[in-house]
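J.: sequence? don't have it. structure:
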């Protein structure tokens, strides 16, 4: 018995360096990948404070390669010396920011509400429309993502012109809702399928209706998945450019359209574009940090049943 214990301890001592080396390699790979993923954000932040020669030279390290300036924020009227001075550029930026916020929040909220109801029905009830069953209906919703946006450009342009929805926030909200609705249905269907049906049966026995069981029992459990679907919808609609550029002209233009417009006869205003991009990134980063635990729970929901 003592020999066996000595043999096991010897193997354990030999195994420790290998285990330490394996963890070191894994951490090195993760740190390297994190640097690659975060570098575009770092480049955007530093470019906001660069002058034109520093941008062209590719200087990266502040106070080492270049001296930071307020050039990017100054072009938007957001620098310390202009923040309290009247600025038409700042007013235009705030208007575009407000349009993006209204369109993204409105469409994401509407998509989560409609998509949750649809996904709940597909996960709990059996439907039949001709040859289509539940699985066919689910695939139909998901197949809407196959079409490239450019194919829908002309039909939506004609339709919105007839309905007087061109250059309106309501038009963007309606279109963005249709765009992200298949993704919400896909996420929430897996979320609801992972919840035992016995919970609803017990609620029905206690006297609740189907809607009562859904609102009081199922929705609180499915909340992480709904938050994850909301965040994904928010990211997609906040960054959408094609339809915003096609269907808006002045009143309802969004922030991505303003970012892409930072070009002129003298070239691209990289500092202005970087400042606008930073302003577009920050709200999503803040929301993701606040709702991080819900995102992880929601994305992991349905993986283990």
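T.: Okay, I see it. Values in this document were obtained by computation on a predicted structure and should not be read as measured data.
J.: just the buried residues of stretch 244-264, please?
T.: Neighbour counts over stretch 244-264 (16 or more other C-beta atoms under 10 Å) mark 244, 246-248, 252-259, 262 as buried. Backbone N, C-alpha and C define where each C-beta goes, glycine included.
J.: other residues contacting it?
T.: Stretch 244-264 is contacted from outside by 92-93, 96-97, 99-100, 103, 153, 156-157, 160, 165-169, 171-172, 175, 238-241, 268-269, 272-273, 276-277, 279-280, using C-beta atoms under 8 Å, 6 or more residues apart in numbering.
J.: buried subset of the residues you listed?
T.: 93, 96-97, 99-100, 103, 156, 160, 165-166, 168-169, 171-172, 175, 238-240, 269, 272-273, 276-277, 279-280.
J.: can you classify residue 227 by secondary structure?
T.: Secondary structure, DSSP: H, G, I helix; E, B strand; the rest coil: residue 227 is helix.
J.: I'd say it and residue 293 touch.
T.: No - using C-beta atoms under 8 Å as the test, residue 227 is too far from residue 293 to be in contact (9.1 Å).
J.: neighbour-wise, which of the two wins?
T.: When residue 227 and residue 293 are compared for neighbours, residue 227 comes out ahead with 18 against 10, by other C-beta atoms under 10 Å.
J.: just the element for the closest residue to residue 115 other than its chain neighbours, please.
T.: Distance criterion C-beta to C-beta, 6 or more residues apart in numbering; nearest residue to residue 115, sequence neighbours excluded, is residue 184 at 3.1 Å. Assigned by DSSP states H and E, residue 184 belongs to helix 169-193.
J.: same question for residue 68.
T.: Residue 68 belongs to no helix or strand when assigned by DSSP H and E.
J.: got the confidence number for the residue nearest to residue 276 when sequence neighbours are not counted?
T.: Spatial nearest neighbour of residue 276, chain neighbours left out: residue 259 (4.5 Å); criterion: C-beta to C-beta, 6+ apart. Model confidence at residue 259, given as pLDDT, is 82.
J.: now do the SS call for residue 259.
T.: Following three-state DSSP, we place residue 259 in the helix state.
J.: after the helix or strand that contains residue 112, next one along is what?
T.: Element membership for residue 112, per DSSP H and E: helix 88-124. Sequence-wise, the next helix or strand downstream of helix 88-124 (DSSP H and E) is helix 134-143.
J.: that older thread, who are the packing partners of the helix holding residue 184?
T.: Using 3 or more C-beta pairs under 8 Å, 6 or more residues apart in numbering; DSSP states H and E as the contact test, the elements touching helix 169-193 are helix 88-124, helix 134-143, helix 219-238, helix 242-247.
J.: looking at this, residue 47 is in a helix?
T.: Yes - according to three-state DSSP, the state of residue 47 is that of a helix.
J.: where does the prediction get shaky in the stretch 151-300 of the chain?
T.: The model of the stretch 151-300 of the chain has pLDDT under 70 over residues 264-267, 294-300.
J.: for residue 167, helix, strand, or coil?
T.: coil.
J.: could you pull up the contacting residues of it?
T.: Listed by C-beta under 8 Å, 6+ apart, the contact set of residue 167 reads 247, 248, 249, 250, 251, 252.
J.: quick check: the fifth one is in a strand.
T.: In this case it means residue 251. No - secondary structure of residue 251 (three-state DSSP): coil, not part of a strand.
J.: how close does it get to residue 106?
T.: Taking C-beta to C-beta, to the nearest Å as the measure, residue 251 falls 16 Å from residue 106.
J.: most centrally placed residue in this protein?
T.: Residue closest to the mean C-alpha point of the chain, counted by C-alpha atoms, centre = their mean, is residue 235 at 2.3 Å.
J.: ignoring the adjacent residues along the chain, who's closest to that residue?
T.: Once flanking residues are discounted, residue 235 sits nearest to residue 284: 6.0 Å by C-beta to C-beta, 6+ apart.
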